[in-house]
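Participant: Sequence first, then the predicted structure:
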Amino acid sequence: MRVTVRDVAQVVGGTIIGDADQLLTGISSLAEASSGDISFLANPKYEPYLAETRATAVLVASAHKAPNIIQVVVPNPDFAFAKVVATFGPKAVPPPPGIHPSAVIGDNVTLGANLAIGPYVVIADGATIGDNTVLYPHVYIGHDTAIGSDCTIYPQVSIRERCRIGSRVILHSGVVIGSDGFGYASVEGVHHKIPQVGIVVIEDDVEIGANSCLDRARFGRTRIGKGTKIDNLVQIAHNVETGHHCIIVAQVGVAGSTKLGNYVTLAGQAGISGHLSIGDYAMVTGKAGVSKSIPPRMVVRGSPAQEIKSCQAQEVAVRRLPATQATVKELLGRVAELERRLGELTGQGGAGAAPEKAP
Amino acid sequence: MRVTVRDVAQVVGGTIIGDADQLLTGISSLAEASSGDISFLANPKYEPYLAETRATAVLVASAHKAPNIIQVVVPNPDFAFAKVVATFGPKAVPPPPGIHPSAVIGDNVTLGANLAIGPYVVIADGATIGDNTVLYPHVYIGHDTAIGSDCTIYPQVSIRERCRIGSRVILHSGVVIGSDGFGYASVEGVHHKIPQVGIVVIEDDVEIGANSCLDRARFGRTRIGKGTKIDNLVQIAHNVETGHHCIIVAQVGVAGSTKLGNYVTLAGQAGISGHLSIGDYAMVTGKAGVSKSIPPRMVVRGSPAQEIKSCQAQEVAVRRLPATQATVKELLGRVAELERRLGELTGQGGAGAAPEKAP
Amino acid sequence: MRVTVRDVAQVVGGTIIGDADQLLTGISSLAEASSGDISFLANPKYEPYLAETRATAVLVASAHKAPNIIQVVVPNPDFAFAKVVATFGPKAVPPPPGIHPSAVIGDNVTLGANLAIGPYVVIADGATIGDNTVLYPHVYIGHDTAIGSDCTIYPQVSIRERCRIGSRVILHSGVVIGSDGFGYASVEGVHHKIPQVGIVVIEDDVEIGANSCLDRARFGRTRIGKGTKIDNLVQIAHNVETGHHCIIVAQVGVAGSTKLGNYVTLAGQAGISGHLSIGDYAMVTGKAGVSKSIPPRMVVRGSPAQEIKSCQAQEVAVRRLPATQATVKELLGRVAELERRLGELTGQGGAGAAPEKAP
């Protein structure tokens, strides 16, 4: 990479503070940067690095006092930096276009134009693969499954029969789509398998992280809405549906038939029980355990999950609880003492009786 | 699908309320049904859908007031519906019988009758595969491993050396069986690997969900008992043993050497520490963290897990805790005031002394 | 296996109590041992088994009263037993040396000596594989990725482009290395993918469990330090770095950019938020949720995680909380009664006024 600060500013539409002709030779974080690198400051937590970084230029949201570094001011440094990386950074190397001779392609498979199908890919009968889609080695595509155009499917992904994958979908290595939902009818002590004959529908622009699992519906469909992003090792059970543009972080589990609205965020390791409804823009914090439906825009925390302010108030209260219990013990003593003294008093010169109450 | 309500009632042994000759053309949930569909009502939570559904017929446990819908009354609508789906619904399409020429089959491998072995399956030396078993593409079977009859092993399953898999076992995509247990002896700051030379035994009628991992024993065996069902992304550590007919839901982890009895239920994301004993019919609720052995039939909740009633009482108590602490603060004030007043009183006209106590 | 107790004692450097010439024919745990077996006692929890075991000899840390069993006293029975198993126990059977003709090996790939590359392995252009490394079937190695010597990479591992794997590294089945980090810039309601152009570096002597996922850095590197051991189904997000000799147990998740020191232990199902620093020798207990940085050697517990003693004190306090709340209710009654009585008293014969206060 050999570009000027001006080149970068043009790509991101930014304003330069400093030498526009300075040459940039690399891309890095503030902490790791060497001389010649372009970096960025988005998270305020990293602001102290601005004084120490060896970066030559930095994307910022507003001008900082940093005389030794060229600044490029942009509205969203995170997004701008992504553009810089995409434009000037190293590129992923897709498999060469064309169909590797070792790929096993079934009968009545419809293949789009400009595909890259790697070694040992297996595509079952009746499947459809759209234009420009990349299938890395060892991918399995089941019977009658349809995949849209411009998808990237990394090695060892398994998509079973009759599923529907949209366009511009990215599936990372080891993703499993269309495995049977977990359903049994227990009769006389034996768990009889309930057939899982539905499908999985993945809409356009969805990305799914490595080794995540999306079970097929019992009947009907498990559905991931357009633009939703799912991280690694996530479990999506049968008949779950998500709206558009949800964010589901690593190791989350969503149990059967739960419906997510649009723009729902589920943070890492959260678990959502089955048959619930999670409203638009709701947010579930990390490790929360959700056992009741959540209205739109509510933020919940804890397990069992509650509205975040209540939960945090309780967390604070629990941290003070040992002290509270010591106070209660002290109060017990003081009240007993008061009762004793008042008993003495009324026994000696009081109006009523009640001397029995003291012990 | 074109069958009459009578056909369905015969398959499930049900009693018809309504037109037995009505034609049915599909299978669906109450919420998603169209005209012509057969549906079912098992979870009472979905009873309100009965008034709104477009389904033509519904399997129910008892007659409901629903004049516009044909009812078929059966003892267990869930199980009956599974029969309907299995009888009339779409079927999974297994790979064609026979051994794909690309399968790599080692020396001294014993193959049963009527197998379906897909492309790029690798079977190491000395393995045994029983009759009617289906191995999907990219399955790996290790040295001397034996698999029973009528099993279904989905793509990209890895079973390492010397394991024993029963009959009618279903392993979903990405399952790993026989990986090394996680064991090290730390000597002078270095973690030395402890050889894991045992095996995994999976008994008959077990089903294991996508991307779940079952480690081989340090020595001896890791064992999954007959009829046990395991969901996706579950971790079973070395030397764990389960009894018969357990239910282990998604993302559960069971640490090394823990023994489960029969009919144990571990709900989603639960974690069980190592070297414990979980009694028959015990139930661990979702996200619980179990650090002590559990007697038979006990239901536990929370982390660290406790008997469910105690845990729920504490959860209720914690929700009231901020109010309790406000009350304690108020009591402190009131008691101090009482002490002050009583001090004044006894200082003025009381029996004893103690006027110092008021401040 | 046919060895004498003396043979075993020589291998582990132990002192024999009993018949050094006794023949041993197997290796087992105390609970499962048969006559002729050598076993070991490391965890004091299993001491009662010493009286009941059928083992013929046992490795112990100090002499026990166990007249019917031959004892071999060693400083670390766990480690010594690992040596016995490694020396006399069954061996894993690696694939035969050499390169299977079905392996697809790209251009400019550098292959070391004495490799074992199994069927259907795919190695992309520019990759390097060191001496004596074993690649099991269906492994995928991406462009320009370098793997050291003496590594074992089990079936269906996926390592994407430009990653660096050290020597003596063990990767279990289904491990994914180098998948894209989970990063988006949300602009006008759409999550735009931030390119993840960094790499993953795995240093020497690391072991990673089945189906674990290690994302590539946004830029720079995700790094696993020398000698660190990672269990199954673990999530390591982009730009995470660990020091040397850490232990990361199953189903742990570490969010983006968090740095672990040396000798950190993360127990099962723990979750660590992003951008934190976890000090040397710190320990996070099972299921803990860490949202703040942890100083060296601190042990934390709970979610949100706290120093373990505080957390345990609060757990005890919560278990007593229902009783505490009953006491507070009782105190409210007693204080009200005191106030009433004192009001009566002072209203009748007291110094001041305040009769209004009683109700």
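Facilitator: Arrived safely, thanks for sending.

Participant: Contacts only, for residue A:217.
Facilitator: Residue A:217 makes contact with A:181, A:196, A:198, A:199, A:200, A:238, A:239, according to C-beta atoms under 8 Å, 6 or more residues apart in numbering or on different chains. All C-beta spots, glycine's among them, are computed from the backbone N, C-alpha and C.

Participant: did I read that right, it in a strand?
Facilitator: No: with DSSP: H, G, I helix; E, B strand; the rest coil as the criterion, residue A:217 is coil rather than part of a strand.

Participant: give the contact list for the closest residue in space to it that isn't next to it in sequence.
Facilitator: Leaving aside its chain neighbours, residue A:217 sits nearest to residue A:198 (2.6 Å; criterion: C-beta to C-beta, 6 or more residues apart in numbering or on different chains). Contact partners of residue A:198, counting by C-beta under 8 Å, 6+ apart, are A:181, A:216, A:217, A:218, A:219, A:220, A:221, A:222, A:238, A:239.

Participant: do the same with residue A:214
Facilitator: Counting by C-beta under 8 Å, 6+ apart, residue A:214 makes contact with A:175, A:176, A:177, A:178, A:179, A:200, A:202, A:208, A:222, A:224, A:236.

Participant: would you list those residues in JSON lines and tack on pLDDT, neighbour count and secondary structure?
Facilitator: Formatted as JSON lines, the contacts of residue A:214 follow (pLDDT from 0 to 100; neighbours: other C-beta atoms under 10 Å in any protein chain shown; DSSP: H, G, I helix; E, B strand; the rest coil):
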{"residue": "A:175", "pLDDT": "98", "neighbour count": "31", "secondary structure": "coil"}
{"residue": "A:176", "pLDDT": "98", "neighbour count": "31", "secondary structure": "strand"}
{"residue": "A:177", "pLDDT": "98", "neighbour count": "30", "secondary structure": "strand"}
{"residue": "A:178", "pLDDT": "98", "neighbour count": "28", "secondary structure": "strand"}
{"residue": "A:179", "pLDDT": "98", "neighbour count": "27", "secondary structure": "strand"}
{"residue": "A:200", "pLDDT": "98", "neighbour count": "26", "secondary structure": "strand"}
{"residue": "A:202", "pLDDT": "98", "neighbour count": "28", "secondary structure": "strand"}
{"residue": "A:208", "pLDDT": "98", "neighbour count": "28", "secondary structure": "strand"}
{"residue": "A:222", "pLDDT": "98", "neighbour count": "29", "secondary structure": "strand"}
{"residue": "A:224", "pLDDT": "98", "neighbour count": "29", "secondary structure": "strand"}
{"residue": "A:236", "pLDDT": "98", "neighbour count": "29", "secondary structure": "strand"}
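
Participant: Among those residues, which one sits closest to residue B:138?
Facilitator: Relative to residue B:138, the closest of those is residue A:176; by C-beta to C-beta it sits at 12.2 Å.

Participant: how about the contacts of residue A:214 in a markdown table, adding distance to residue C:318?
Facilitator: Listed next are those as a markdown table, based on distance: C-beta to C-beta, whole Å:
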| residue | distance to residue C:318 |
| --- | --- |
| A:175 | 40 |
| A:176 | 39 |
| A:177 | 42 |
| A:178 | 43 |
| A:179 | 39 |
| A:200 | 42 |
| A:202 | 43 |
| A:208 | 39 |
| A:222 | 38 |
| A:224 | 39 |
| A:236 | 33 |
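
Participant: Could you pull up phi and psi at the residue nearest the centre of chain A?
Facilitator: Computing the C-alpha centroid of chain A and ranking residues by C-alpha atoms, centre = their mean puts residue A:249 first, at 2.1 Å. In terms of degrees, to the nearest 10, the main-chain angles of residue A:249 are phi -90, psi 170.

Participant: Would you agree it is in contact with residue A:233?
Facilitator: No: contact criterion C-beta atoms under 8 Å: residue A:249 and residue A:233 do not qualify, at 10.1 Å.

Participant: Quick check: pLDDT value at the residue nearest to residue A:217.
Facilitator: With respect to pLDDT, residue A:198 scores 93.

Participant: ok, back up a step: of the contacts of residue A:214, list those near chain B.
Facilitator: A:176, A:179 (C-beta under 8 Å from any C-beta of the partner chain).

Participant: Around chain C, pick out the residues from the stretch 51-200 of chain A.
Facilitator: By C-beta under 8 Å from any C-beta, the residues of the stretch 51-200 of chain A that approach chain C are A:76, A:78-79, A:81-82, A:85-86, A:89-93, A:95, A:100, A:102, A:118-120, A:136-138, A:154-156, A:170, A:172-174.

Participant: Restricted to strands, list the contacts of residue A:217.
Facilitator: Judged by DSSP state E, the subset of the contacts of residue A:217 located in strands is A:199, A:200.

Participant: ok, the contacts of residue A:217 vs residue C:150, which is closest?
Facilitator: Nearest to residue C:150 among those, with distances taken as C-beta to C-beta, is residue A:200, at 41.0 Å.

Participant: what's near enough to touch the closest one?
Facilitator: Residue A:200 touches A:163, A:164, A:177, A:178, A:214, A:215, A:216, A:217, A:221, A:222, A:223, A:224, counting by C-beta under 8 Å, 6+ apart.

Participant: where exactly do the helices run in chain A?
Facilitator: A:5-12, A:49-52, A:77-88, A:308-349 (DSSP state H).

Participant: Can you add distance to residue C:113 and mean pLDDT and give these back as CSV?
Facilitator: Converted to CSV, the helices of chain A look like this (distance: least, C-beta to C-beta, whole Å; pLDDT from 0 to 100):
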stretch, distance to residue C:113, mean pLDDT
helix A:5-12, 46, 94
helix A:49-52, 45, 88
helix A:77-88, 38, 89
helix A:308-349, 58, 92
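
Participant: List the contacts of residue A:148.
Facilitator: Residues counted as contacts of residue A:148 (C-beta under 8 Å, 6+ apart) are A:130, A:133, A:165, A:166, A:167, A:168, A:169, A:204.

Participant: what residues go with each domain of chain A?
Facilitator: Using automatic domain parsing, the domain ranges for chain A come out as A:3-88, A:98-308, A:320-357.

Participant: Pick the most buried one from these.
Facilitator: Per-stretch averages of neighbours, counted by mean count of other C-beta atoms under 10 Å in any protein chain shown, single out domain A:98-308 among the domains of chain A, with a mean of 23.

Participant: and the contacts of residue A:148, which two are the farthest apart?
Facilitator: Longest span within those, C-beta to C-beta: A:133 and A:204, 12.8 Å.

Participant: Once you drop chain neighbours, what's closest to residue A:61?
Facilitator: Closest to residue A:61 by C-beta to C-beta, 6+ apart is residue A:77, at 5.5 Å.

Participant: what's the one you found in contact with, if anything?
Facilitator: By C-beta under 8 Å, 6+ apart, the contact set of residue A:77 is A:40, A:41, A:42, A:59, A:60, A:61.

Participant: again with residue A:73
Facilitator: By C-beta under 8 Å, 6+ apart, the neighbours of residue A:73 are A:14, A:15, A:17, A:60, A:61, A:62, A:63.

Participant: ok, now residue A:39?
Facilitator: Contacts of residue A:39 by C-beta under 8 Å, 6+ apart are A:27, A:28, A:29, A:30, A:33, A:53, A:55, A:57, A:58, A:59, A:81.

Participant: Filter the residues you listed down to the ones in strands?
Facilitator: Filtering the contacts of residue A:39 for membership in strands, criterion DSSP E, returns A:27, A:57, A:58, A:59.

Participant: Check the gap between the third one and residue C:7 for me.
Facilitator: From residue A:58 over to residue C:7 the distance is 66 Å, taken as C-beta to C-beta, to the nearest Å.

Participant: before we move on, what about the first one?
Facilitator: Residue A:27 is 59 Å from residue C:7, where distance means C-beta to C-beta.

Participant: quick one: which of the contacts of residue A:73 is nearest residue B:308?
Facilitator: Checking those against residue B:308 with C-beta to C-beta, the nearest one is residue A:61 at 49.8 Å.

Participant: Which pLDDT value does the model give the closest one?
Facilitator: pLDDT, read off for residue A:61, is 94.
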